[in-house]
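**Q** just need the structure, nothing else, for what follows:
(one chain, ligands or ions: 1)
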Amino acid sequence: MSFLNHNQIEDYNNKGYVSPINIFSEQEAKEIREEIEKIEKKWPDALTGLNRNYVHLISPVFDKICHNSKILDAVESLIGKNILICGTTLFIKNANEKGFVSFHQDAKYIGLEPYNWVTAWVAVTDANEENGCMRMWSGSHKNELQYHNEKFNENNLLTRGQTVEDVPLEKTDPIILNSGQMSLHHPKIVHGSGLNKSNDRRIGFVIQSYIGSDVEQVLGKMYVQKARGEDTYCYHQYANRPLDLMSEKDINFRNKANDELSKIFYKDAAKRGRF
Ligand SMILES: O=C(O)CCC(=O)C(=O)O
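**A** All right, here's what the predicted structure looks like:
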């Protein structure tokens, strides 16, 4: 059982995030990284651009992470027992590249309402200040959605380069994780991450997000899986769980899911970005 304790829940409510939470061993995290690097080697386009999304629909390894009972216990502590998996994204920052994530609120463009959902960031590699770990603006989730400047900067790992300007860096907390640990953050917390200045990749596998079954997609269509409990609202269409890595059937389905996701991410946008 890995339900969050009282202090962890208080932390989430007060700060808008809870971290670190132990999920996988270092060895298990290494095996997850190996799965990524196997896919990249065999299918070079399978995890790039738009394909960084919904990897749990084409890889049984990532599917199992999403259904991991330790993660789900922690998630249940925050959003209740009826839990759906609604999307995943790989945030990879390679060494010697200039990738960063501008400060933003997840809830701004994702169309999931009400905000009974939480994002799980699983550290596949260590994440620290040197390699560009996330930084959270503690307490900012208590404010409403803020104006985001859509900058479309080349090295921004967000779709539109959406940016909350003038975030006081000194008020943000670094989310330092060992590989195999996870953080959970609130839909409205302002967060971002800087450059990877290390000699290795920084990899986060992000379940974006775990939603309560009472959460609707108000901008378009996302495909879900049941993680736990009952789906009494039946708002969403379901995705199958993959049995093999990169089966043709699963790839076709993921392509369809990503097309739909793209419509959500770029709704009313001036142009399209890389992802
Ligand atoms: O991986 C990162 O640096 C940022 C990820 C992020 O913004 C998110 O998980 O909501």
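**Q** burial measure for Asn94, as a count.
**A** For Asn94, the tally of surrounding residues (other Cβ atoms under 10 Å) stands at 12. Using the backbone N, CA and C atoms, a C-beta is placed for each residue, glycine as well.
**Q** show the model's pLDDT score for it.
**A** The score at Asn94 is 97. That number is its pLDDT.
**Q** quick one, what contacts it?
**A** Under the criterion of Cβ atoms under 8 Å, 6 or more residues apart in numbering, the contact partners of Asn94 comprise Asn196, Arg201.
**Q** can you rerun that using 7 Å?
**A** With contacts defined as Cβ atoms under 7 Å, 6 or more residues apart in numbering, Asn94 is in contact with Arg201.
**Q** look up how far the ligand lies from it.
**A** 13 Å (Cβ to the nearest ligand atom, to the nearest Å).
**Q** distance check, that residue against Ile32.
**A** When distance is defined by Cβ to Cβ, to the nearest Å, Asn94 is 17 Å away from Ile32.
**Q** do a quick rundown of the helices in this protein.
**A** Listed in chain order, the helices of the chain (DSSP state H) span 6-15, 26-42, 60-66, 69-79, 107-110, 248-265.
**Q** pull the distance from the fourth one to the chain's centre.
**A** A distance of 15 Å separates the C-alpha centroid of helix 69-79 from that of its chain, computed with Cα atoms, centre = their mean, to the nearest Å.
**Q** give me the mean pLDDT for it.
**A** pLDDT averaged over helix 69-79 equals 98, rounded to a whole number.
**Q** bridging across strands, which residues link to Ala127?
**A** Listed beta-bridge partners, Ala127: Leu177 (assigned using DSSP bridges).
**Q** what sits against it?
**A** If you count contacts by Cβ under 7 Å, 6+ apart, Ala127 has them with Cys133, Ile175, Ile176, Leu177, Arg202, Gly204.
**Q** Asp166: how many residues sit nearby?
**A** 6.
**Q** and it, how close does it get to Tyr147?
**A** In this structure, Asp166 and Tyr147 are separated by 11 Å, where distance is defined by Cβ to Cβ.
**Q** state which strand of this structure is the longest.
**A** As assigned by DSSP state E, the longest strand anywhere in the chain is strand 202-212.
**Q** interface residues of the stretch 101-250 of the chain facing the ligand?
**A** With the criterion set to Cβ under 6 Å from any ligand atom, the stretch 101-250 of the chain comes near the ligand through Val101, Asp106, Thr119, Trp121, Met134, His191, Ser193, Gly204, Val206, Gln208.
**Q** what is the neighbour count of Asp45?
**A** As a measure of burial, Asp45 has 9 neighbours, counting by other Cβ under 10 Å.
**Q** now swap in Ser59 and tell me
**A** Ser59 has 25 nearby residues by other Cβ under 10 Å.
**Q** who's in contact with it?
**A** Applying Cβ under 7 Å, 6+ apart, we find Ser59 in contact with Glu35, Ile39, Pro242, Leu245.
**Q** closest one of those to Glu10?
**A** Closest to Glu10 out of the contacts of Ser59 is Glu35 (35.3 Å), distances taken as Cβ to Cβ.
**Q** strands of the stretch 101-250 of the chain, start to end?
**A** With DSSP state E, counting those that start in this stretch as the criterion, the stretch 101-250 of the chain has strands at 101-105, 112-113, 117-123, 134-137, 149-150, 162-163, 172-174, 181-185, 190-193, 202-212, 216-217, 223-228, 237-238.
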